[in-house]
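A.B. asks: Could you work out the structure for the sequence below:
(2 chains)
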Amino acid sequence: MALPPPDPQFILRGTSAAVHTLHFSCGGQEPDVPILFSGSENGLIHVWNLKTHRVDTALDGHGRKSVYCVETLGGKDRLLSQGRDQRICLWDLAEGRTSVADSVFTENVGFCRCSLLKVAQGRWLMAMASKALEEVQVLELPSKTSVCTLKPEVGAKLGMPMCLKLWQLSCGSQPLLLAGYEDGSVVLWNLSMAKALSQLVCHQEPVMSLDFDSEKTKGISGSSEKVLSIWSLNEQQNLQVYKTHTLVNAGVADIAIRPDKKILATAGWDHRIRIFGWKKLKPLAVLDYHTATVQCVSFSDHKNPGKRLLAAGSKDHRISIWSIYSQT
Amino acid sequence: LCFTPAGLDCSISSVSHVLGKVCIQGRQKEILGVLVPRLTDLTRSDCIWQRMCWRLVECVPERWMEAVVLGFVQRAAGADVLSRLLGNLVVKNKKAQFVVTQKLLLLQYGHTTAVLQNLLGYLALHSLRRPLLIKVRLSNLVASRWMFASVTVPCTVWFVSELLMSMLEGVKCHLDSNLPQIRCLGMVVAESISSKINTDGPVLKFQYEEDDETRELKSLLVQTPPLSVVPTLPDDERDEKAEAALPVVLGSNKNSPAAAPAVPAEVSDTELDSDDDLIPYDMSDDKELKTKAPVYIRDCIEVLTGSEDVDKWEATIKALESLVRKNPAATREVSVELAKILLHLEEKTCIEGFLELRQRAQVAVLTTDPIPVAKYLTSQFYSLNYSLRQRMDILDVLVLAAQELSYPKSHGKTKHSGAQKPCIHLLPGSDSSKDWRKIVDERIKSKTRRFATGRSQVKLDSSPNEFNSVAGHFFFPLIQHFDRPLTTFDLLGEDHLVLGRLVHTLSILMCLAINTLAVTVMGKALLEFVWALRFHTDSYVRQGLLSCISSVLLSVPKEHLLEDMTEELLEAQSWLGDVVEKDPDGDCRRLALQSLLLMENLKKKLTADPS
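C.D. replies: Numbers count the residues shown, from 1 in each chain, chains lettered A, B, ... in the order given. Next up, the predicted model:
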């Protein structure tokens, strides 16, 4: 007889606005405190102390416009945030500072979250949706120089890019970009040649979110419909559909594969978080806590696997923290 | 008393009577003490004696049956003996059945374990009786007596997996219990069952303290040598009984149950994926979310006209009225279209109260944007190819909307709900006529009271009468074309039901038009209308016409009545007189009388008041 799903370990309250993005920073050694960053609709970024479960700092850098992406560059002292004020801000949070060190004006009014990839010590690539409708621009950080601009061919009618994922097969190899578009396709881009290597129509509706396992070269995408699509890259760098899974209710806002590649979590419009095994997409649990759309899910980067956490942010202003399948 | 073989032909029933009488008088022990062993011996091998014995007991009159049966059950040396002695008595005799299955097992606690053993064994022994055994389902946890009732049953076959199921349910109940003793009992039983079921599998072991009870229970598990048995049954085996007082039938399994129900959580039966050792959680609550209704009026229109999605359609219908009321501006943009859709709306799925929901939505649309929608509806009333039902719907909606518009808004919801409650339906002489009668009566009452004692009613907050500007739009189109027959609709001909409803509707509209500007013109038109139809054969129509006259008298200010309508009123008066005397219908006569009285009142007032 199956056990009922676990309850959240704890709930973070206090954002007073819908939570759109989450990012953990728990890899530090003691006495570093494990941190969770959250971005909300009211433009604030909250820095949550996971020991006290309270907000340490609130960062206000997007003019009260919704923050829909937060990432860290390296440790918790360097934060990147993206907001609806068409800006990407780079924060310097070391030693208690809370200042915006630099910013990029994206001129993009969409909701596409940027993607970061560390390519060398102190150097990152950042892919973001740019000014023109279907384009994705890749910048190098912190220099902010443009690496390439990825334009679909004329007549491709992909629509806006909805979600991005930069990856590389191994450290030092060529970085590639996976982009999900408004028309339901996922495209694999080669950055050095700024060319599309492969395109796969995964969904009938816009691709809301995707995540990719570079070890197995297998990825998963979710859309506003009921289907989750799992696709893989073969040797010729071609995308092909591996499997699909139909959910009970339509709408997936976010997908995250756990760093150990054992499980993945989806954030549903039906207020539920779903956990699947990554190997065979076996449904493992449905976590039903939130009372509004779950906008984002994120796994922690704890060094100790037993302490790993899953966080989910929802439109109901709450962040739920779960400890699930952490023994494996 | 002794039996002789020669007595075979004698009437056994008299013996039964005697037996019964003796037993009931408390001499059970004595008589049965002698009788039962004797019968036991006699019936051991002799079928005839068996049958005689059965007959003996069967013939005992009902009122003594309990005592006799009880005595037998107590005295019999074992279940099989009881079986021989009583045969299928419990199947054939209702009283015996009741005694055995209900009373003895459930209601009387003073029996020893052995008695219960006998009883249940007896029930189990024969295929006809077994269903009774299944019926004996005890879920009463309370009686501590039953904690000890471990009955062993000499039985063999798995006769029903139901039995096992209910027994296991009983075990579950036991395990859930707060009392440790009951839990213990459950555990012991579960262990024994599992050991029997999985004869070579892993054995279930609970942790509990061994105490006297458990030891006693376990002792019953010990196999006893087979008793002398009726040849058709194979070997006995004893086992324990669960709280449910249902014997466990184990042993030489002829048909072992297909599913070995795993009661405890100790034994892990989750499938282990060879690659993935992550155990899923219970996801049985993961169901589809209910569809939400659209939030915009235009979306509603889309759903109602096109959508195949029935859930959405249902949600829309339910939400429509409130949406219309909350968004008057948006509704006004599409009011006629919405009215059209609603008029033609058919029930797509089986919703409760569909007609009412539709009607309320229509009323909401009409009150939000009265003039165009009224124009539309009244024109449709006289159009081709509508059903009678639809035409009457139109009338109902017009009336309800008129009521709503003419009541002071300050009363808010309570008044509205009162006004809308007479959800007017099909039958003539039903709510609608009662409704107007209520209004008329109220008016009459209010008029008389005003002169006698001054205003004794609560003074309502005044607010503009919204019906004022639209009354004419409701009224005149309806009255205009009544004499023009169409191919599918002939008011003056067959469709007099609709005519009747129309007339009543006009009368209500007239009533509601009190204090409006158009009231006098309306009154005059109405009186002419009535005059034209006064000899109609249908009594419902005539009632309507008479109520029209009352309405006119009540609504039109008396000065105007005097000035503009004297001729019509005089004609009406003479007609009313006729009706009072000659009309075959009682209601018509009453209504006519009422109108005449109103006229008299008016005359008095007019003559009393020289202005």
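A.B. asks: what stretches of the chain score poorly on pLDDT?
C.D. replies: Looking at chain A here, since you left the chain open. Residue ranges of chain A with pLDDT under 70: A:328.
A.B. asks: Please refer instead to chain B.
C.D. replies: The model of chain B has pLDDT under 70 over residues B:1-11, B:79, B:101-186, B:188-190, B:192-276, B:291, B:408-464, B:487-488, B:609-611.
A.B. asks: quick one, domains of it?
C.D. replies: Domain assignment for chain B by the TED database gives B:1-140, B:155-221, B:297-405, B:470-608.
A.B. asks: so which of those comes closest to residue B:281?
C.D. replies: Closest of these to residue B:281 is domain B:155-221, at 21.6 Å (criterion: CB to CB). For glycine as for every other residue, the C-beta is placed from the backbone atoms N, C-alpha and C.
A.B. asks: Grab the nearest non-local neighbour of residue A:91.
C.D. replies: Nearest residue to residue A:91 in three dimensions, chain neighbours excluded: residue A:79, at 4.1 Å (CB to CB, 6 or more residues apart in numbering or on different chains).
A.B. asks: What is the burial count for that neighbour?
C.D. replies: 27 (other CB atoms under 10 Å in any protein chain shown).
A.B. asks: Same check on residue B:515?
C.D. replies: Residues lying near residue B:515 (other CB under 10 Å) number 13.
A.B. asks: cool, and residue A:138?
C.D. replies: Neighbour count of residue A:138, defined by other CB under 10 Å: 24.
A.B. asks: ok so it is a strand residue?
C.D. replies: Yes. Applying DSSP: H, G, I helix; E, B strand; the rest coil, one finds residue A:138 inside a strand.
A.B. asks: can you count the residues close to residue B:65?
C.D. replies: 23.
A.B. asks: so it sits in a strand?
C.D. replies: No. Using three-state DSSP, the secondary structure at residue B:65 is helix, not a strand.
A.B. asks: Find the residue closest to it in space, skipping its chain neighbours.
C.D. replies: Nearest non-adjacent residue to residue B:65, counting by CB to CB, 6+ apart: residue B:95, 4.5 Å away.
A.B. asks: hang on, that neighbour in a strand?
C.D. replies: No. Counting by three-state DSSP, residue B:95 is not part of a strand but helix.
A.B. asks: Can you tell me the closest non-neighbouring residue to the residue of the stretch 451-600 of chain B found nearest chain A?
C.D. replies: Chain A sits closest to residue B:466 of the stretch 451-600 of chain B, with a gap of 40.0 Å, by CB to the nearest CB. The shortest distance from residue B:466 to any non-neighbouring residue, by CB to CB, 6+ apart, is to residue B:405 (4.3 Å).
A.B. asks: Now residue A:222. Its backbone dihedrals?
C.D. replies: phi -130, psi 160 (degrees, to the nearest 10).
A.B. asks: re earlier: how many neighbours does the residue of the stretch 451-600 of chain B closest to chain A have?
C.D. replies: 17.
A.B. asks: Also the one 3 residues further on?
C.D. replies: A count of nearby residues for residue B:469, using other CB under 10 Å, gives 15.
A.B. asks: would you put the C-alpha positions of stretch A:71-86 in PDB?
C.D. replies: Provided in PDB are the C-alpha atoms of stretch A:71-86 (Å, rounded to 0.1, in the frame of the first residue of the first chain):
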ATOM      1  CA  GLU A  71      20.600  32.800 -10.900                       C
ATOM      2  CA  THR A  72      24.000  32.800  -9.100                       C
ATOM      3  CA  LEU A  73      27.300  33.100 -10.700                       C
ATOM      4  CA  GLY A  74      29.500  31.000  -8.600                       C
ATOM      5  CA  GLY A  75      28.600  31.500  -5.000                       C
ATOM      6  CA  LYS A  76      25.900  33.300  -3.200                       C
ATOM      7  CA  ASP A  77      27.700  36.600  -3.400                       C
ATOM      8  CA  ARG A  78      27.100  37.100  -7.000                       C
ATOM      9  CA  LEU A  79      23.500  37.100  -8.000                       C
ATOM     10  CA  LEU A  80      21.900  37.700 -11.400                       C
ATOM     11  CA  SER A  81      18.300  38.700 -11.700                       C
ATOM     12  CA  GLN A  82      16.000  39.400 -14.600                       C
ATOM     13  CA  GLY A  83      12.900  41.500 -14.400                       C
ATOM     14  CA  ARG A  84      10.100  42.900 -16.500                       C
ATOM     15  CA  ASP A  85      11.800  46.200 -16.400                       C
ATOM     16  CA  GLN A  86      13.700  44.800 -19.400                       C
END
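A.B. asks: What strand or helix carries residue B:524?
C.D. replies: In this assignment (DSSP states H and E), residue B:524 forms part of helix B:519-533.
A.B. asks: which stretch of helix or strand covers residue A:163?
C.D. replies: Going by DSSP H and E, residue A:163 is in strand A:161-168.
A.B. asks: ok so, going back, gap between the residue nearest to residue B:466 and chain A?
C.D. replies: Separation of residue B:405 from chain A (CB to the nearest CB, to the nearest Å): 40 Å.
A.B. asks: repeat for residue B:343
C.D. replies: Distance of residue B:343 to chain A, computed by CB to the nearest CB: 34 Å.
A.B. asks: I figured that residue hits residue B:381, correct?
C.D. replies: No. Contact between residue B:343 and residue B:381 fails when scored by CB atoms under 8 Å: they sit 10.2 Å apart.
A.B. asks: Looking only at neighbour counts, state which of those two leads.
C.D. replies: Neighbours per residue, other CB under 10 Å: of residue B:343 and residue B:381, the larger number sits with residue B:381, 24 against 17.
A.B. asks: which one is the more buried one nearest to, not counting chain neighbours?
C.D. replies: Leaving aside its sequence neighbours, residue B:381 sits nearest to residue B:394 (CB to CB, 6+ apart; 4.9 Å).
A.B. asks: what do you get for residue B:52?
C.D. replies: Nearest to residue B:52 is residue B:12, by CB to CB, 6+ apart, at 6.5 Å.
A.B. asks: Around the one you found, count how many other residues there are.
C.D. replies: Neighbours of residue B:12 (other CB under 10 Å): 21.
A.B. asks: likewise residue A:173?
C.D. replies: Neighbours of residue A:173 using other CB under 10 Å come to 11.
A.B. asks: Please settle this for me: is it part of a helix?
C.D. replies: No. Counting by three-state DSSP, residue A:173 is located in no helix; its state is coil.
A.B. asks: list the contacts for the residue nearest to residue B:65?
C.D. replies: Neighbouring residues of residue B:95 by CB atoms under 8 Å, 6 or more residues apart in numbering or on different chains: B:62, B:65-66.
A.B. asks: and it, how far is that from chain A?
C.D. replies: Residue B:95 is 44 Å from chain A, by CB to the nearest CB.
A.B. asks: And for residue B:403?
C.D. replies: 41 Å.
A.B. asks: What helices and strands are in contact with whichever strand or helix holds that residue?
C.D. replies: Per DSSP H and E: residue B:403 is located in helix B:388-406. In terms of contacts (3 or more CB pairs under 8 Å, 6 or more residues apart in numbering or on different chains; DSSP states H and E), helix B:388-406 is packed against helix B:335-344, helix B:354-368, helix B:370-381, helix B:412-420, helix B:471-480, helix B:496-512.
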